[in-house]
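> A structural model of the following input is requested.
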Amino acid sequence: MVTSVIGKIFLEAYNAKYGTSYSAEQFFLEIFYPLFFDSNKYLYWVQNSSFVQMKKGQNVETLTNDERKEKLNNFIEKINSGVADASIAIGYPASEEKEYATTSGQVSNLSFPISKEDIYCSWFGSALGVGVQGGISIFFYNVNILLDVYEGWNLYRKAIDSIDKLPSNKIMTWNGQWLAHRYSRFFNETDNMSGFNPYTIKNNEFSIDTISWTRILIGIAKKCSNKQMMGYVYSYGQTNTTIGFIPFDLSQIASPVELYQRFFGMDSGHKAEKLWGTAIGFAKACQQGVIGLRAMEPKGLRDYIEKGKTPKLSDKEEQIIIFNVYQSWIMAMLNNQDLWDKAQEFASELYKYSLSGNRAKTVNMNKVKMVLEANNKMNFMKSMVDIVGDVEGVDKMKEIASVVNTMPADNVPYFLTLVRFHYAILINNKN
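Residues are numbered from 1 along each chain as shown. Predicted coordinates:
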């Protein structure tokens, strides 16, 4: 199972990094259990496990040391009995076949031997899942990321021990918040909690909210030298959801972000992070088979691309950031920065033409409107005929028409949308 595989990958990396030789059982008993469960505040709630099965009158907050020890012994005895199910092996099927539909994932009618090592690995493997918005978690098949996630475990323990109202059992959510902070440009190696505030306080109650997948993957894309990475996307809970193995193209994820920062600045680029990947959501993006540039599309842009809508720009910072996010994503899709200049030149020529001819100014503006509303090659070429016939800068217009005519058909809507955005900037500057 995936949880066991992740646990084995992590344990090997942990032993190599820290010069130890823990077996899975030793790591669980000496490191994992004391950190996660030997307290009146758990880091992780594993449904149906020995650690959450309470006798009458028991609850986690009031368990004594002896009661916690008894639950651990029950857990060990069940492992030693040779029976392996979801109550002791996380991510494995439940013991009753009728429960498969709600509490089991990846069930097979084939019988696979499950070793004690697999069972113990499934626990710390599962705890390395990174929770994102939408109730989904990700396992990253990268040893450096797994070790960085592990770094946050001790910090979560310190946080819930020092803040009474901080909720327990949120390890996946904490992992996501921590990883986004760990890979942000604000991370301080000497004071790793500096600037880290994953808490939301409402009515004097603390909570830890899940973070967007883009915040995490943008950070990973900036830190990892390997630009292709495999992840496993899933949800374990009252009902299990398996999306499966999904490739992450980190170079494509980083591309529009880098373009934004290059053209519009680092500070507003940080403010823009919440806008990336909002068009279709993470689960639906996974259905495309890979998380890359298309998954980074910002919400609201599709109307401009498909319907030929011309944007209206204001001087409000929030709208300017949205406007620039749209342009950056389009630029990344075109993958040709020369087209930025071409789109700017063309918008300028159209703007000048719309203002020319004192008597026919309205006519010229309508001709330009037809060009701007085109969202495919055929409509564009048709709308250009009247303009090329009487424009002063005919050579420049013909050059742009040639660029569009020789462009791959899939790129034409993106380029024409970029032209509309540049044209909107000219209109806004005039006003």
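> Show me where the stretch 51-200 of the chain dips below the pLDDT cut-off.
The stretch 51-200 of the chain contains residues with pLDDT under 70 at 83-84, 93-113.
> and if you look at the stretch 201-350 of the chain?
Those would be 236-240, if you go by pLDDT under 70 across the stretch 201-350 of the chain.
> ok, which stretches of it are helices?
213-223, 250-264, 266-271, 282-286, 302-306, 317-334, 338-355 (DSSP state H, counting those that start in this stretch).
> In CSV, could you pull the C-alpha coordinates for the last one?
Read that as helix 338-355. Extracted in CSV, the C-alpha atoms of helix 338-355 (Å, rounded to 0.1, in the frame of the first residue of the first chain):
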residue,chain,number,x,y,z
ASP,A,338,8.4,38.1,-28.2
LEU,A,339,4.6,37.8,-28.5
TRP,A,340,4.3,40.1,-25.6
ASP,A,341,5.9,42.9,-27.6
LYS,A,342,3.9,41.9,-30.7
ALA,A,343,0.6,42.1,-28.8
GLN,A,344,1.6,45.5,-27.4
GLU,A,345,2.5,46.9,-30.8
PHE,A,346,-0.7,45.6,-32.4
ALA,A,347,-2.8,47.0,-29.6
SER,A,348,-1.1,50.4,-30.0
GLU,A,349,-1.8,50.3,-33.8
LEU,A,350,-5.4,49.5,-33.3
TYR,A,351,-5.7,52.2,-30.7
LYS,A,352,-4.2,54.8,-33.0
TYR,A,353,-6.5,53.7,-35.8
SER,A,354,-9.6,54.0,-33.6
LEU,A,355,-8.7,57.6,-33.0
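> Pull out the buried residues from the helix or strand that comes right after that helix.
Using DSSP states H and E, the helix or strand that follows helix 338-355 towards the C-terminus is helix 361-373. Using 16 or more other CB atoms under 10 Å as the test for burial, helix 361-373 gives 364, 367-368, 370-373. The C-beta positions use only the backbone N, C-alpha and C, and glycine is treated the same way.
> mind listing what A285 touches?
A285 makes contacts with 277, 291, 294-295, as judged by CB atoms under 8 Å, 6 or more residues apart in numbering.
> And the spatially most central residue of the chain, how close does it get to K274?
Central residue of the chain (CA atoms, centre = their mean): W213, 1.8 Å from the mean position. Here W213 is placed at a distance of 12 Å from K274 (CB to CB, to the nearest Å).
> what's the span of stretch 119-136 from first residue to last?
23 Å (CA to CA, to the nearest Å).
> starting at the chain centroid, how far to that stretch?
16 Å (CA atoms, centre = their mean, to the nearest Å).
> Equivalent analysis for stretch 336-345, please.
29 Å.
> just stretch 320-335 next, same as before
18 Å.
> what are the ranges of the strands in this protein?
130-132, 136-140, 199-202, 205-208, 228-235, 241-249 (DSSP state E).
> Dump these to TSV, plus distance to N192.
Converted to TSV, the strands of the chain look like this (distance: least, CB to CB, whole Å):
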stretch	distance to N192
strand 130-132	17
strand 136-140	19
strand 199-202	16
strand 205-208	17
strand 228-235	23
strand 241-249	25
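> hmm, back to that, just name the most buried of the helices of the stretch 201-350 of the chain.
helix 213-223 (a mean of 23; mean count of other CB atoms under 10 Å).
> on contacts alone, who are the packing partners of that helix?
Contacts defined by 3 or more CB pairs under 8 Å, 6 or more residues apart in numbering; DSSP states H and E place helix 213-223 against strand 130-132, strand 136-140, helix 171-182, helix 250-264.
> could you check the angle strand 241-249 makes with the longest one?
For helix 250-264 against strand 241-249, the angle by axes from the mean of the first three to the mean of the last three CA atoms, to 10 degrees is 60 degrees.
> Check the third one too.
Put simply, helix 171-182 runs at 10 degrees to strand 241-249, going by the same axes, to 10 degrees.
> Distance from the chain centre to helix 171-182, please.
Centroid separation between helix 171-182 and its chain, computed with CA atoms, centre = their mean, is 12 Å.
> What helices and strands are in contact with it?
Short answer (3+ CB pairs under 8 Å, 6+ apart): helix 171-182 packs on strand 130-132, helix 143-162, strand 205-208, helix 213-223.
> Format these as a markdown table; extra columns: distance to M407.
Formatted as a markdown table, the helices and strands packed on helix 171-182 follow (distance: least, CB to CB, whole Å):
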| stretch | distance to M407 |
| --- | --- |
| strand 130-132 | 36 |
| helix 143-162 | 39 |
| strand 205-208 | 47 |
| helix 213-223 | 28 |
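> winner for burial among those?
Of these, the one with the most neighbours on average (mean count of other CB under 10 Å) is strand 130-132, at a mean of 26.
> Contacts for that strand next, please.
137-140, 149, 172-173, 175-176, 179, 210-213, 216, 282.
> Now distance to S21 too, for the helices of the stretch 201-350 of the chain, in a markdown table please.
Output for the helices of the stretch 201-350 of the chain, formatted as a markdown table (distance: least, CB to CB, whole Å):
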| stretch | distance to S21 |
| --- | --- |
| helix 213-223 | 29 |
| helix 250-264 | 33 |
| helix 266-271 | 42 |
| helix 282-286 | 38 |
| helix 302-306 | 54 |
| helix 317-334 | 46 |
| helix 338-355 | 55 |
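> For I243, find the nearest of these.
Of all these, the one in closest proximity to I243, counting by CB to CB, is helix 282-286 (5.0 Å).
> gap between stretch 407-418 and the chain center?
27 Å.
> cool, and stretch 143-160?
With CA atoms, centre = their mean as the basis, stretch 143-160 stands 19 Å off its chain's centre.
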